[in-house]
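**Student:** following is a predicted model, sequence given first.
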Amino acid sequence: MAEWLSWLGEPLSYGFIVRGLIAGLLASVAGATLSAFVVWRGMAFAGDAIAHSFLPGFVVASLFGFSLFFGAVGAAIVAVIGIGLISRHGALREDTAIGVMFSGLFALGILLLSKIASYQDLNHILFGNILGVSRSDLVMMTIVVALIFGFVILFYKELLVTSFDPAHSVAIGLSPELMRYGLLGAIALTTVVGAQIVGVVLIVALLVTPAAAASLLSRRLGRVVALSIAFSMTATIAGFYVSYYLDFASGPSIVLSLTLIFVISWIVSRLGRFGSRRGVRSHGATGTTDDATSQMTSPAE
């Protein structure tokens, strides 16, 4: 028991490692809170695109010596507004608008980076640096996570209705477009937070994989959100210890831990369906059915 406690406590004896773990948990909560809406609204590409789009913000911030966080926020705002304007009123599909902003802003970032920064800077931006998080970064991340969590709580019903029945939401006086802007803004803030931990290349995993895994086990939105947060925090802690003891990069370790949770969830869901089908066959004569899929409710319930 003492050896086990020592194994768990050893990494936590370093202040910078504790800050990194806290930052990872904050990023995982932010991503997982939005994950269900991202998955069910088909916006997985949005997180990846916005994450790449704020690369020029990072470069400009580095050039002028101010916070990378604010540089990323500025570029993310530009990306969100651009996506909204291009796809407004159905002029173009949202995925087309995302592709235009993604490629344009990312290319601008690479162009600026080639003139004023080294590849090492690019490596830091793309793959994150969980052990380089400062106290001020933690304060800012905490504020952002609180804003995202507050947004989801305050507009939970609106997000629910506009996600699964846009026509009905218009009929009862809601604005699907306003909710879309709000969700894109929350995704942008999450990518800014997560980029410091896993980098822009891997941030999409925090926005997609938790809900993808949870959706295999439940079809109720509240339960999926709760499971997403639990899965994401578990993967962050597991990936953190793997990276410390096996000397792996932190970002990929966290994402691979999330992927492993997804695989386990998929196996559990398949076993559950297999067992249900066997139950249906064995009780078919009496008309009894235990098919798990028949018990699932709509995601909107």
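**Tutor:** Everything's here; your move.
**Student:** so where's the stretch 51-200 of the chain shaky on pLDDT?
**Tutor:** Filtered on pLDDT under 70, the stretch 51-200 of the chain yields the residue ranges 89-91, 116-128, 196-198, 200.
**Student:** could you list every helix and strand that the helix or strand harbouring G272 packs against?
**Tutor:** According to DSSP states H and E, G272 maps onto helix 250-282. On a contact count with 3 or more C-beta pairs under 8 Å, 6 or more residues apart in numbering; DSSP states H and E, helix 250-282 meets helix 15-40, helix 203-215, helix 221-246, helix 292-295. Every residue, glycine included, has its C-beta placed from N, CA and C.
**Student:** rerun that using 7 Å as the cut-off
**Tutor:** Packing contacts for helix 250-282, counted by 3 or more C-beta pairs under 7 Å, 6 or more residues apart in numbering; DSSP states H and E, involve helix 203-215, helix 221-246, helix 292-295.
**Student:** tell me the SS of L92?
**Tutor:** coil (DSSP: H, G, I helix; E, B strand; the rest coil).
**Student:** for the residue nearest to it when sequence neighbours are not counted, list the residues it contacts.
**Tutor:** Nearest non-adjacent residue to L92, counting by C-beta to C-beta, 6 or more residues apart in numbering: I86, 5.7 Å away. Contacts of I86 were listed using C-beta atoms under 7 Å, 6 or more residues apart in numbering, and they are 92, 97, 100.
**Student:** can we see that at 10 Å?
**Tutor:** By C-beta atoms under 10 Å, 6 or more residues apart in numbering, I86 lies in contact with 92-94, 96-101.
**Student:** what's the most distant pair in those residues?
**Tutor:** Maximum pairwise distance among these (C-beta to C-beta): 13.1 Å, between R93 and M101.
**Student:** shared neighbours, these two?
**Tutor:** With C-beta under 10 Å, 6+ apart, R93 and M101 have common neighbours 86-87.
**Student:** comparing those two, which residue is more hemmed in?
**Tutor:** A direct count of neighbours by other C-beta atoms under 10 Å for R93 and M101 places M101 higher, at 25 against 11.
**Student:** pick out the residue nearest the middle of this structure.
**Tutor:** With distances taken as C-alpha atoms, centre = their mean, L207 lies nearest the centre of the chain, 1.9 Å away.
**Student:** that one: what's its closest spatial neighbour, skipping adjacent residues?
**Tutor:** G47 (3.9 Å).
**Student:** thought that neighbour was touching A211?
**Tutor:** No. Contact criterion C-beta atoms under 10 Å: G47 and A211 do not qualify, at 11.5 Å.
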